[in-house]
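Engineer: Following is a predicted model, sequence given first.
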Amino acid sequence: MIIAVDGPLAAGKGTISKALAAHYGLPHMDTGKLYRGVAYRLLAQGLSPHDQAAAAGVAKSLSMQGIEDEALRTAEVGAAASVVAANQAVRQALFHLQRDFALQPGGAVLDGRDIGTVVCPEADVKLYVSASPEERARRRQAELSAMGEEISYETMLAQTIERDTRDSGRADAPLRPAEDSHLLDTTGLSIEAAVDKARLIVDQVRSAKG
Ligand code: DC
């Protein structure tokens, strides 16, 4: 079974995907990490994420080895990841890594922005996880604060809206729900409640398909 989980920044898709993967015994890929990995490598070499040729080169030979998870989660790397994600050559290079992961025997759970629309249009279950920009900004602020990065709520909200606009507005594989995706709004929901709803959707789709 392939489960595709898409949605904007800090909607809860990472937490939901990990919980679904554990529940159904499937491997999980956070595809945003690949884009963040490209951004991290560029910044580490003093290169701009806007340098299209450099970003494509990094993506084609991307190795995630030796990159700490925490280094990928910073606001700087996230913003640069959103820039490299609009680069078509980067998306093409990372497509194969994601597709191979999805097609392993038994299936997988992948979360990102274009899993249900581009990477795995044939996924068995597609979830589109969203939440209000205000709630996502608050969650992201708390997440960064726990890592020692203090950013005001106003700045976080502005960054969240800017990221949404860039992710949804790009020409190649923009963020949007697949037509056959199931919408899950996590605004005001606890983690447990959101995960329960996601499992219910997956179980309903599976039993409907027989
Ligand atoms: O989910 P995230 O914040 O870690 O993603 C980082 C950036 O990568 C985000 O701006 C959108 C982009 N991305 C994408 O374009 N396609 C994906 N499948 C995953 C992430």
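Structural biologist: Okay, I see it.

Engineer: Now do the lengthiest helix in the chain: distance to the chain's middle.
Structural biologist: Using DSSP state H, we find that the single longest helix of the chain is helix 191-209. Centroid separation for helix 191-209 versus its chain: 19 Å, with C-alpha atoms, centre = their mean, to the nearest Å.

Engineer: just stretch 129-141 next, same as before
Structural biologist: 14 Å.

Engineer: Buried ones in that stretch, by neighbour count?
Structural biologist: For stretch 129-141, burial by neighbour count (16 or more other C-beta atoms under 10 Å) applies to 129-131, 133, 135-141. Yep, even glycine has a C-beta here, placed from its N, CA and C like the rest.

Engineer: now for the longest helix of the chain, which elements pack on it?
Structural biologist: Packing contacts for helix 191-209, counted by 3 or more C-beta pairs under 8 Å, 6 or more residues apart in numbering; DSSP states H and E, involve helix 13-24, strand 125-130, strand 182-185.

Engineer: Mind doing that once more with 6 Å?
Structural biologist: Secondary-structure packing of helix 191-209 (3 or more C-beta pairs under 6 Å, 6 or more residues apart in numbering; DSSP states H and E): helix 13-24.

Engineer: ok, the buried residues of stretch 129-141 vs residue 188, which is closest?
Structural biologist: residue 135 (7.4 Å; C-beta to C-beta).

Engineer: ok, the closest residue to the closest one other than its chain neighbours - contacts?
Structural biologist: Closest residue to residue 135 apart from its sequence neighbours, by C-beta to C-beta, 6 or more residues apart in numbering: residue 187 at 5.1 Å. By C-beta atoms under 6 Å, 6 or more residues apart in numbering, the contact set of residue 187 is 131-132, 135.

Engineer: same deal with residue 172?
Structural biologist: Going by C-beta under 6 Å, 6+ apart, residue 172 touches 88, 91.

Engineer: And the strands in the chain, which stretches?
Structural biologist: Counting by DSSP state E, the chain has strands at residues 2-6, 28-30, 108-112, 125-130, 182-185.

Engineer: buried ones in the last one?
Structural biologist: What that stands for is strand 182-185. Applying 16+ other C-beta under 10 Å to strand 182-185 flags 182, 184-185 as buried.

Engineer: Kindly export that strand (C-alpha atoms) in CSV.
Structural biologist: C-alpha atoms of strand 182-185 as CSV (Å, rounded to 0.1, in the frame of the first residue of the first chain):
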residue,chain,number,x,y,z
HIS,A,182,-9.0,13.2,1.3
LEU,A,183,-8.9,16.5,3.1
LEU,A,184,-7.8,16.5,6.8
ASP,A,185,-7.9,19.9,8.5
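
Engineer: what mean pLDDT would you report for that strand?
Structural biologist: Strand 182-185 carries an average pLDDT of 97.
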